[in-house]
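Colleague: Here is my input; please provide its structure:
(one chain, ligands or ions: 1)
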Amino acid sequence: MQVNGQPQRTIWFDEAQHCVRIIDQTLLPHHFNILSLHTLDSACHAIISMQVRGAPLIGVTAAFGVYLALREGNTDLAGVCERLLKTRPTAVNLRWALDRVQAELLSLEAERRPTAALGLARLMADEDAAACSAIGDHGLPLLELAWVEKRRRNPAAECLNVLTHCNAGWLATVDWGTALAPIYKAHFKGIPVHVWVDETRPRNQGAFLTAWELQQQGIPHTVIVDNAGGHLMQHGEVDLCLVGSDRTTATGDVCNKIGTYLKALAAFDNGVPFYVALPVSTIDFGLSDGVREIPIEQRHASEVSHMQGLDETGQLSRVQVMTSHSAINNFGFDVTPARLVTALITEKGVFAPTRESLKSLL
Ligand code: MRU
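Modeller: Predicted coordinates:
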C-alpha cells in the first residue's frame, strides 16, 4: 500500500545494507521510522516488543529471523526456531512459518542454508502479499453485494458502513492486509466505504494503526471507543463487521484481538453479518475447540496502566492512567465461536465456518 503516496511494504531485505528492514509500528502514527534488523536477537525483540505485529507479519519476520541467525553463524536450526516460536504464543502463523522454514532447510548442507533461508523468507513475504491481495478479491463481492442491497433498501444511502477491530490491515501483513484488503479493493472500485475503527485498548492498534492506514489511502473512517460498536449496530449504523484472525480452528472458531467476541455477539444480536478475513496459514487444522485449546497471550500490565501519545509540546511521551494499587489483567486475544461467524474470507475463496467446509483447504 502507500505511505505519503509511495508504495510501501512492512518488511523487506535491503540488498545494499545486507539487513532486514521493518517499520517500527510502536511509533505510529506519530513517527514513521524504519528499523534495521541484523541479528536473531533484534528479530525476536521486534516481535516481542510489537515493532512488528499481526499474525501474518509475525510469521514472515520469524522466517527472516532464521536467516539472520544462520548468517551470524548459529548452526542450531531447531534452537533458533524454538526461540522465535516463544516470542508470541497465539498467532499460529509463527509456527506455520517456522515449520516450513525448518522443513525446507533441514535437507540442505549447513553452508547452503543461509542463502536458502533468505530466499525462502523473501518468497514467503511475496506469497503473503499475494494471498492478502487475493483475500481482497474474494471479499470484494461481499461488500459490493452489501452496498447494492443497502441502496435497494434505501436509495438515499451514502455509504457502506464497515466496523473493524484492531489492525488487520497491511501493517499486520506484508502488504494489503486481511480484513482491510476487501475494503481497499472496494474503495478502489468506487464503492463509498466508511469504516468504524475500534480504538482497541490497550495498545490502540485501531486508533494508532488502522486509522493511519485508512487515512493514508484516503478512505473515510471514524475512530470509536471499544464499547461503541453495540450501540451503533442497534441503530443500523453498521452494515457488516470485518475482522482478522490470529488462529482459526478446523471448526471455524476464530481467535482475534481481545474484544472481537463482544463485537460478534452484538452483530449476532442485531443481524449484522460478521466476516473474518484470514490467509489459510492462520487455520490450525489440529484444533477443534478454540475456547479451550487456543493459547491466549497475556501481556504486560503496563500496557493497561500506561498510554503513549504526543504531549502538548509535540513530543512522544508515556503517561500513567491509573494508580499502581490495582491488579491488572491483560489478555491479548479472545475466541469467537464459529456459530457467530457469517463466513471466512481466505485467499482460496469464501468458506462457511464449519469443519465440513474448511476440510477442502487441508
Ligand atoms: O497483538 P497484535 O497487534 O499482533 O494483534 C493483531 C490482531 O489481532 C489482528 O487482528 C490479527 O493478527 C489478524 S492480522 C492480519
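Colleague: From now on I want contacts and neighbour counts done on CA atoms only, so please keep to that.
Modeller: Noted.
Colleague: check contacts around the residue lying closest to Thr323 once chain neighbours are set aside.
Modeller: Take Thr323 and drop its neighbours on the chain: the residue closest to it by C-alpha to C-alpha, 6 or more residues apart in numbering is Ser305, 7.7 Å away. Applying C-alpha atoms under 8 Å, 6 or more residues apart in numbering to Ser305 gives the contacts 320-324, 328.
Colleague: Can you tell me which residues in the stretch 201-350 of the chain are near the ligand?
Modeller: 244-246, 256-257 (C-alpha under 6 Å from any ligand atom).
Colleague: how much space is there between the residue in the stretch 251-362 of the chain positioned nearest to the ligand and Val197?
Modeller: Going by C-alpha to the nearest ligand atom, the ligand is nearest to Lys257 of the stretch 251-362 of the chain, at 3.8 Å. Lys257 sits 13 Å away from Val197, going by C-alpha to C-alpha, to the nearest Å.
Colleague: what about whichever helix in the chain runs longest, near the ligand?
Modeller: Longest helix in the chain, counting residues (DSSP state H): helix 113-153. No - Helix 113-153 lies apart from the ligand when judged by C-alpha under 6 Å from any ligand atom; the minimum separation is 8.6 Å.
Colleague: following that helix, which helix or strand shows up next?
Modeller: As assigned by DSSP states H and E, the chain's next helix or strand after helix 113-153 is strand 160-164.
Colleague: what angle do that next one and helix 113-153 make?
Modeller: When axes from the mean of the first three to the mean of the last three C-alpha atoms, to 10 degrees is applied, the directions of strand 160-164 and helix 113-153 differ by 140 degrees.
Colleague: Any part of strand 160-164 near the ligand?
Modeller: No - Strand 160-164 is not in contact with the ligand by C-alpha under 6 Å from any ligand atom; minimum separation 9.0 Å.
Colleague: who touches the following helix or strand past that strand?
Modeller: Proceeding N to C from strand 160-164, the next assigned helix or strand is helix 180-188, under DSSP H and E. Residues outside helix 180-188 that contact it (C-alpha under 8 Å, 6+ apart): 132-133, 135-140, 143-144, 168-170, 176, 192-193, 219, 242.
Colleague: For Ser317, see how far away the nearest residue to Gly252 once chain neighbours are set aside is.
Modeller: Distances taken as C-alpha to C-alpha, 6+ apart place Pro353 nearest to Gly252, at 4.1 Å, with adjacent residues excluded. Counting by C-alpha to C-alpha, the gap from Pro353 to Ser317 is 43 Å.
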